[in-house]
Each structure stands twice: as C-alpha cells, then as structure tokens.
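J.: Fold the following.
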Amino acid sequence: MKNICVYAASSTKIDAAYFQAAQELGTLIAKKKWNLVNGAGNMGLMAATSDAALAEAGHVIGVIPHFMIERGWQHIGLSELIEVNDMHERKKTMADLSDGTIALPGGIGTLEEILEIITWKQLGLFVKPIVILNINGFYDNLIQQLSHCIDEQFMRKLHGELWQVVETPKQALTFIEQTPDWDLSLSKFATI
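T.: The predicted structure is shown next:
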C-alpha cells in the first residue's frame, strides 16, 4: 500500500474544474487502496480530496500544526489526524510518510510545498516521485520558470527529471506507480 501526499489549496472561491480534479484524485487514490496524506484542512481542494477518498472508504492521514487546530481549521472526519508543532514539522512529516507527492493547484502555500519538495529531491533528501497536476494549465507559468532556470544554467538539465507534469489525476497516479525512487548518486548534481 502506498501513502500519497497531496498538496492542495484551501481556497473555496475557485473554478469548479479544480474541485472536480481534487475529487477525482481522492476517489482514485482510495480505489487503489492507497492512503491519502495531506495537510488536514477542512476547506477547498484539501477537503474535497479528503472527502472523496473517505466516500470510497479510503484512509486519509492529515498532518496539521497545533495553531491551526486552535483556529478550527482541521478536518474533523479524517481517518488519522497528526498534530505537529509548526509548518516545518508538518511538511517534513508529510514527506516522511509519503511514497510520492502530487500537487493540485494552489496558492503560495502549495507553491512553497512544491518547490521545497523538489529542492529536497535535488539534494537527495526525498527520493520519491513528484507530480505537478497541471489542471487547465494552472501551472504553465511555474513550469516555464523552472525551464528558464535550466536554460539559464541555474539548474542542470537533469534537474528537469525531478518532477513530472501531467494533466489528469489518472496520469498522476500512473506516474507515481511507474516511477522508481530517485537515484541518490545523482544528488551530486545539486550544484552546477
């Protein structure tokens, strides 16, 4: 059984297509009998993914800092709720639990999670697949910026293999399933 970490927005004022993708992803993860790992939020795409997985009798592990629980931001219906001290511990715990990560569209928090996990992989601290789920071209500008970093030699061409960009939840899970762990010997390429 795999644990799949899903990064996702908590925003509720977004296009329905993003909610549909989140629900489909949660449903597919549960149907594969994989566990969903996320930030335990009770709104937006985070909640939509969790609710869809739970509706299919899936197992959802939420990781959330104490201050968010104090504010009532946690999803109260998850299979497991792991309370941590801060955002840094949250991201590390989610990564440590996971056999791969998938990023749904999101704001600054989701962008930060994507870039940090890519950095960890580049450094050999995380070796699992990373998937950017580019619904409706949402991540086109980010993908272009990452390519620009490679073109301008701030990153090696090999670094473009640290992540995969897909357009559907089904493609995301196929990539997670078929991609081997990153070769740690390649971490020497972290510098230019």
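J.: Figure out the helix or strand that Leu54 lives in.
T.: helix 44-55 (DSSP states H and E).
J.: ok, and what's touching that helix?
T.: Applying C-beta atoms under 8 Å, 6 or more residues apart in numbering, the contact partners of helix 44-55 are 6, 8-12, 14, 18-19, 22-27, 29-30, 36, 38-41, 59-60, 62, 75, 77-79, 104-106. C-beta here means a position set from N, CA and C on the backbone, and glycine is covered the same way.
J.: Make a PyMOL selection of the buried ones in those.
T.: In PyMOL, a selection of the buried entries from the contacts of helix 44-55 looks like this (16 or more other C-beta atoms under 10 Å):
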select buried, resi 6+8+9+10+14+18+19+22+23+24+25+26+27+29+30+36+38+39+40+41+59+60+62+75+78+104+105+106
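J.: Show me the contacts of helix 44-55 that map onto helices.
T.: Secondary structure from DSSP state H places 18-19, 22-27, 29-30 of the contacts of helix 44-55 in helices.
J.: Columns pLDDT and distance to Leu123 on top of those residues, output as CSV?
T.: CSV is the format used below for those (pLDDT from 0 to 100; distance: C-beta to C-beta, whole Å):
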residue, pLDDT, distance to Leu123
Tyr18, 98, 31
Phe19, 98, 34
Ala22, 98, 29
Gln23, 98, 34
Glu24, 98, 32
Leu25, 98, 27
Gly26, 98, 30
Thr27, 98, 34
Ile29, 98, 27
Ala30, 98, 32
